[in-house]
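> quick one: sequence plus predicted model below, questions after.
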Amino acid sequence: MGAFRGLSLRTRIVSGVFAGLAVLFAVFGVLALYTINVSTGFALDERLRLAQISAQSVDELLARTGRQLEEAAVHLGGLATPEEQRVEATRVIDVLGEIDRIYAVTPGGDLVWSVATAGDQAAWTFKGDAATQAALAGLATSIVAPARVDATDDLLALVITPLDPGNRSAGYLATEIRGSQSDVRLLPLSDDEHSIHYVIVDAAAYIVAESGGETAESRDEHVEILLPLIGEHRSGTALHQVPDEEGHVVAFYPLQSIPGGVVVEQIQGDALVIPRAMQGTLLVYGVGALMAAVLAAWLHASSVVRPIRRLTEEAARMASGDLDSPIATARDDEIGQLARRFDDMRVKLKASLEESARWAEELEHRVDVRTQEVEATNRELQVLSRTRRQLLAKTITAQEEERKRLARDLHDDSAQTLTAVLMTMRAAEDALIADPKVASAALLRSRSQLEMALGEIRKAIVDLRPSALDDLGLASAIRSYADERLRPLGINPSLATTGDERRASGSVATAIFRIIQEAVSNVAQHSGAANARVSIEFGPTEILARVEDDGRGFDPAPLHQAQESGRGLGLLGMRERAALFGGDVEVESHPGTGTSVRVRIPLV
């Protein structure tokens, strides 16, 4: 493809036209070759039809000879002696035009008498032939092909019929059909003007008779083609190359009466004269038409390339900076339209260059404006950075306060309770022997004190991370925290969930819990509400949570940014935690109307 792009436009046009014509001629060539092949098939079918007609003629001759021999057997079978039969057969053979010899033989194959036309010598040599013996074993007329003992023998078939169809012992009449019989025309007498040659072959492809009356002395030269067809008793055609000669068209049709068949042979040049003439015509006219088309394409490409070259020169002049000289053209075709578009482009480009100077000033002004906007953005980023630092400080302070509170609770409550338990157990140990009742009462007090210490430790653990979040899930953890945080303050909490709670797990569940924990803590500290409601919707793509109360409410607008006093850091922390998971937090509240905190966390 890269080499093609490097060619000139003229060469590319001519190459494209040549390729298109080549494809077109290839298509027509395929169609022409198909037509030639069909014509060749018709020629082969015609030769096969000739072979079929000749084979049917030979079969009809054999059948007619059998009928004539049956009529002779009826006439001779009524005579008393063999001599009377022989004398009568001499008169009968003169009447029969296609029989030149008659044999009378016994069922065992021995010759009784024979007669022949003038000049013919009748010799019975078929006594030991297997096919002849099989025919002498029946009572029907048979046409058999005796085994060949001499390559020059032109015997085609032996016709055998019983003298008495009801009595095998009466003997049989037999006659020969040979290719050399003067009164029998098995094939056309001579080759026609198209060099068609007819041959009759036996089961081993030996030639029995040829057109023109020639006598064969060997097998047919196409024996390798004929033997499979003879063995399978089917017709067929083939193109056969003969050494030192032009190839032959060979058509074979089997005889129905005996093994073998009729072969029609013809030189390929004569048989396929029409297909070959079509091939030559296609080649000459196809190449000539292709060359003429390429020449026309070259001339047409030249007429297209010249004005394009002029346009290229004009474009180079414009590229060098000369935008004042117009591009003139007198053409009205596509190239003329292209030239006018170039001139329009020149005018617009000149106006664009003039406009660019004005844009330079405008650009400087816009750069100043953008610089001011960047400075304002930097100031906002500084405020955001300060807010993040405040949030981090509050987080660290909250952590330290929580640690101090936890240490104080453990020291003031759990440690003192455990100390009291230790002292009570020592008193019980001292009184265990002297006064068992006193010891038992001391142990009961120790048990109560241990239960109190255990509750205080559990409360500290829940403040750090509620075990219900890991054991029972997000909804149970929120319900437990809201009850413990709000009910002691007289606030009635409620929780509603929809969807599959299992969609919230791991860090997402922890983030939602901490956000709702902060919102519930705000309700407890600032709302003065009587009721609080928490709702969680576990959707297919996100989790929506809402914390609502009917308290005194407030104006959330000033709290979008953390105050220097630290007010608003709780809401900012909730937003930051939600943003870590691609979510957001919205606060809706007005003084005297309660507060609603909505949390949205998408599920990845």
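Sure thing, it's come through.

> make it CA atoms for all contacts and neighbour counts henceforth
OK.

> what's the distance between residue 450 and residue 443?
As judged by Cα to Cα, to the nearest Å, residue 450 and residue 443 stand 10 Å apart.

> ok, residue 50 next?
For residue 50, the distance to residue 443 - Cα to Cα - is 132 Å.

> and what of residue 602?
Distance, residue 602 to residue 443, using Cα to Cα: 55 Å.

> who's more crowded, these two?
Each of residue 602 and residue 443 has its neighbours counted (other Cα atoms under 10 Å); residue 443 has more, 20 against 16.

> shouldn't residue 494 be within a strand?
Yes: under DSSP: H, G, I helix; E, B strand; the rest coil, residue 494 sits within a strand.

> residues contacting it?
By Cα atoms under 8 Å, 6 or more residues apart in numbering, the residues touching residue 494 are 479, 532-534.

> if it is in a bridge, with which residues?
Taking DSSP bridges as the rule, residue 494 bridges to residue 533.

> tell me the confidence at it?
As predicted, residue 494 sits at a pLDDT of 91.

> same check, this time on residue 542
Note on residue 542: pLDDT of 90.

> could you look up the SS state of the residue lying closest to residue 498 once chain neighbours are set aside?
Of all residues not flanking residue 498 in the chain, residue 537 sits nearest, at 4.9 Å (Cα to Cα, 6 or more residues apart in numbering). Following three-state DSSP, residue 537 is assigned to strand.

> residue 353: neighbouring residues, count only.
With other Cα under 10 Å as criterion, residue 353 counts 11.

> and residue 529, by the same measure?
Residues within reach of residue 529, counting by other Cα under 10 Å, total 22.

> would you agree it falls within a helix?
No: remark: residue 529 does not belong to a helix; assigned using three-state DSSP, it is coil.

> quick one, phi/psi of it?
Dihedral pair for residue 529: phi -90, psi 160, per degrees, to the nearest 10.

> now it: how far from residue 487?
11 Å.

> ok, now residue 578?
27 Å.

> who has more neighbours out of those two?
The neighbour comparison of residue 578 against residue 487 (other Cα under 10 Å) goes to residue 578, with 22 against 14.

> contacting residues for the more buried one?
511-512, 515, 584-585, 599-601.

> nearest to residue 289, of those?
residue 601 (76.3 Å; Cα to Cα).

> what count of nearby residues applies to residue 603?
Residue 603, neighbours per other Cα under 10 Å, totals 16.

> report pLDDT for it.
At residue 603, the pLDDT value in this model is 81.

> isn't it up against residue 541?
Yes: using Cα atoms under 8 Å, residue 603 is in contact with residue 541, at 5.2 Å.

> any idea how many residues pack against residue 580?
12.

> quick check: pLDDT value at it.
Residue 580 is assigned 85 on the pLDDT scale.

> quick check on it: phi, psi?
Note on residue 580: its backbone torsions stand at phi -60, psi -30 [degrees, to the nearest 10].

> for the remainder of this discussion, apply numbering that starts at 53.
Will do, 53 is the new start, and the previous item becomes residue 632.

> so how far is residue 563 from it?
For residue 632, the distance to residue 563 - Cα to Cα - is 9 Å.

> got the buried residues for stretch 554-573?
Under the neighbour-count criterion of 16 or more other Cα atoms under 10 Å, stretch 554-573 has 555-556, 560-573 buried.

> could you find the closest non-adjacent residue to residue 178?
In space, and not counting its chain neighbours, residue 178 is closest to residue 184: 6.6 Å by Cα to Cα, 6+ apart.

> next one: the helix or strand where that neighbour lies to chain centre, how far?
Assigned by DSSP states H and E, residue 184 belongs to helix 182-187. Distance of helix 182-187 from its chain centroid, counting by Cα atoms, centre = their mean, to the nearest Å, is 65 Å.

> what's the answer for stretch 584-596, then?
So, by Cα atoms, centre = their mean, the centroid of stretch 584-596 is 48 Å from its chain's centroid.

> if you count neighbours, what's buried in it?
Judged by neighbour count (16+ other Cα under 10 Å), stretch 584-596 contains these buried residues: 584-591, 595-596.

> nearest to residue 192 among the residues you listed?
For the buried residues of stretch 584-596, the nearest to residue 192 is residue 591 (100.5 Å; Cα to Cα).

> can you give me phi and psi for the closest one?
The phi/psi pair for residue 591 (degrees, to the nearest 10) reads phi -80, psi 180.

> let me see the confidence value for residue 638.
91.

> right, and residue 320 touches residue 300 too?
Yes: using Cα under 8 Å, residue 320 is in contact with residue 300, at 5.0 Å.

> hey, where'd the strands end up in the stretch 453-602 of the chain?
Using DSSP state E, counting those that start in this stretch, the strands of the stretch 453-602 of the chain run over 544-551, 583-590, 594-601.

> number of residues surrounding residue 258?
Residue 258: 23 surrounding residues under other Cα under 10 Å.

> gap between it and residue 278?
Look at residue 258 and residue 278: by Cα to Cα, they are 10 Å apart.

> of all the buried residues of stretch 584-596, which comes closest to residue 210?
residue 591 (102.7 Å).

> wouldn't that closest one be in contact with residue 551 here?
Yes: the pair residue 591 / residue 551 is scored as a contact, 6.1 Å apart, by Cα under 8 Å.

> in helices, which of the contacts of residue 630 fall?
Mapping those onto helices (DSSP state H) picks out 563-564, 567.

> now these in a markdown table, with pLDDT and distance to residue 143?
Compiled in a markdown table, these are given as follows (pLDDT from 0 to 100; distance: Cα to Cα, whole Å):
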| residue | pLDDT | distance to residue 143 |
| --- | --- | --- |
| 563 | 86 | 132 |
| 564 | 87 | 132 |
| 567 | 90 | 137 |
